[in-house]
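Asks: structure for this input, please:
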Amino acid sequence: MNNEKISKILEKSSYNVYDLEEIIGILRSEDGCPWDKVQTHESIRKDFIEEVYEAVEAIDCGDRDMLLEELGDVLLQVVFHAQIEKEKNSFDLDKVADDVCKKLILRHPHVFGNVCADDVDTVLKNWDSIKKESKGQETYTDTLKSVPRVFPALMRAQKLGKRAARAGMDFDDEKGALECIISETAELQEAMSAQDKSAAAGELGDLLFSCVNLARKLDLDAEELLTASSDKFMRRFELVENAVRKDGLDMPTLGIEKLDEYWNEIKKMENRE
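Replies: Now for the predicted structure:
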């Protein structure tokens, strides 16, 4: 049976999403690929995450060819997971598409219904209301609990803060969020002075959460901010290392004070530019 399916696949000059589904089915069949046919949702879970991040990298790079390839890899993961469930007679790719189409229609009553929504804010409020109702979320706490714990920590913290704000639990303005950071910093210093590592860990976590709240109040994305700062640190580190090597020196032998001198000089050069 596989030979006939394979022949039909090989005869084609171009393929669609159903061909992809067919290929995955062949790979997972008894006579298919030894690796593909033993995979589970859990075994390829990390692959899914990695492929999504690579697609995001392509977007950030503005590379359309790369994006084409990476979106294909993401689609492969979607079809792979759907195929695993199809083999269990649970659902298939068509059911996945059916479910998301119905969701889009339901959550866009201003397009597919008679609801009026002339601006983005109204659309988002309607979306949140419909989502809460369709998921059976009866309390504000339910909406917080629905934020996936597997999200990157900064992303999760920002979403939790945003949803808590809908219940009125939020700072009045950016100044209040900043004051919270100052307060949490003092509590961290107190824990460190007491040499209480457990308390310091808790206070440091609270400080990070407070920083995320300030980012949210400033209408900034904490995840993107830290990524940008990490990129900046890496760029400056490279410049420091190049300067040290140009002077015929080795970084580990200089000590932090000397390295700080190089670092500050690099910062001054960047500011002048």
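Asks: Lys131: what's it in contact with?
Replies: By C-beta atoms under 8 Å, 6 or more residues apart in numbering, the contact list for Lys131 reads Arg107, Gln137. C-beta: built from backbone N, CA, C; applies to glycine.
Asks: cool, and Phe209?
Replies: Ala157, Gly161.
Asks: same deal with Leu106?
Replies: Neighbouring residues of Leu106 by C-beta under 8 Å, 6+ apart: Ile130, Ser134.
Asks: by mean pLDDT, flag the weakest helix or strand of this structure.
Replies: Of all helical and strand segments in the chain, the minimum by mean pLDDT, DSSP states H and E falls on helix 120-134, at a mean of 84.
Asks: can you pull the buried residues of it?
Replies: Neighbour counts over helix 120-134 (16 or more other C-beta atoms under 10 Å) mark Val123, Asn126, Trp127, Ile130, Lys132 as buried.
Asks: the last one against Thr141, yeah?
Replies: What it means is Lys132. No. Lys132 is beyond contact range of Thr141, at 11.9 Å (criterion: C-beta atoms under 8 Å).
Asks: the next helix or strand after the least confident helix or strand of the chain - contacts with which helices or strands?
Replies: Using DSSP states H and E, the next helix or strand after helix 120-134 towards the C-terminus is helix 140-145. Using 3 or more C-beta pairs under 8 Å, 6 or more residues apart in numbering; DSSP states H and E, the elements in contact with helix 140-145 are helix 153-165.
Asks: now for the helix it packs on, which elements pack on it?
Replies: Against helix 153-165 (3+ C-beta pairs under 8 Å, 6+ apart) you get helix 140-145, helix 197-217, helix 222-246.
Asks: any idea of the mean pLDDT for the longest one?
Replies: Going back to what we said before, that points to helix 222-246. Average pLDDT, helix 222-246: 95.
Asks: report the angle between it and helix 153-165.
Replies: 150 degrees (axes from the mean of the first three to the mean of the last three C-alpha atoms, to 10 degrees).
Asks: what residues sit buried inside the following helix or strand past helix 222-246?
Replies: Using DSSP H and E, the helix or strand that follows helix 222-246 towards the C-terminus is helix 256-272. Buried residues in helix 256-272, counted by 16+ other C-beta under 10 Å: Leu259, Tyr262, Trp263, Ile266.
Asks: give me the pLDDT for the first one.
Replies: Leu259 carries a pLDDT score of 96 in this model.
Asks: show me the helices in the stretch 1-150 of the chain, by range?
Replies: 2-11, 17-27, 45-61, 64-86, 93-106, 109-112, 120-134, 140-145 (DSSP state H, counting those that start in this stretch).
Asks: got those helices as TSV, with distance to Leu154 columns?
Replies: Shown next, in TSV, are the helices of the stretch 1-150 of the chain (distance: least, C-beta to C-beta, whole Å):
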stretch	distance to Leu154
helix 2-11	43
helix 17-27	34
helix 45-61	15
helix 64-86	22
helix 93-106	27
helix 109-112	32
helix 120-134	21
helix 140-145	16
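Asks: which stretch in the ones you listed is the model least sure about?
Replies: Lowest mean pLDDT within the helices of the stretch 1-150 of the chain: helix 120-134, a mean of 84.
Asks: could you dump that one to PDB, C-alpha only?
Replies: This file holds the C-alpha atoms of helix 120-134, laid out as PDB (Å, rounded to 0.1, in the frame of the first residue of the first chain):
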ATOM      1  CA  VAL A 120      -8.900  48.200  17.700                       C
ATOM      2  CA  ASP A 121      -9.700  48.700  21.400                       C
ATOM      3  CA  THR A 122     -13.300  47.600  21.000                       C
ATOM      4  CA  VAL A 123     -12.200  44.600  18.900                       C
ATOM      5  CA  LEU A 124      -9.800  43.500  21.600                       C
ATOM      6  CA  LYS A 125     -12.400  44.000  24.400                       C
ATOM      7  CA  ASN A 126     -14.900  41.900  22.400                       C
ATOM      8  CA  TRP A 127     -12.300  39.200  21.700                       C
ATOM      9  CA  ASP A 128     -11.400  38.900  25.400                       C
ATOM     10  CA  SER A 129     -15.100  38.800  26.500                       C
ATOM     11  CA  ILE A 130     -15.900  36.100  23.900                       C
ATOM     12  CA  LYS A 131     -12.800  34.100  24.800                       C
ATOM     13  CA  LYS A 132     -13.600  34.200  28.500                       C
ATOM     14  CA  GLU A 133     -17.100  33.000  27.800                       C
ATOM     15  CA  SER A 134     -16.100  30.300  25.300                       C
END
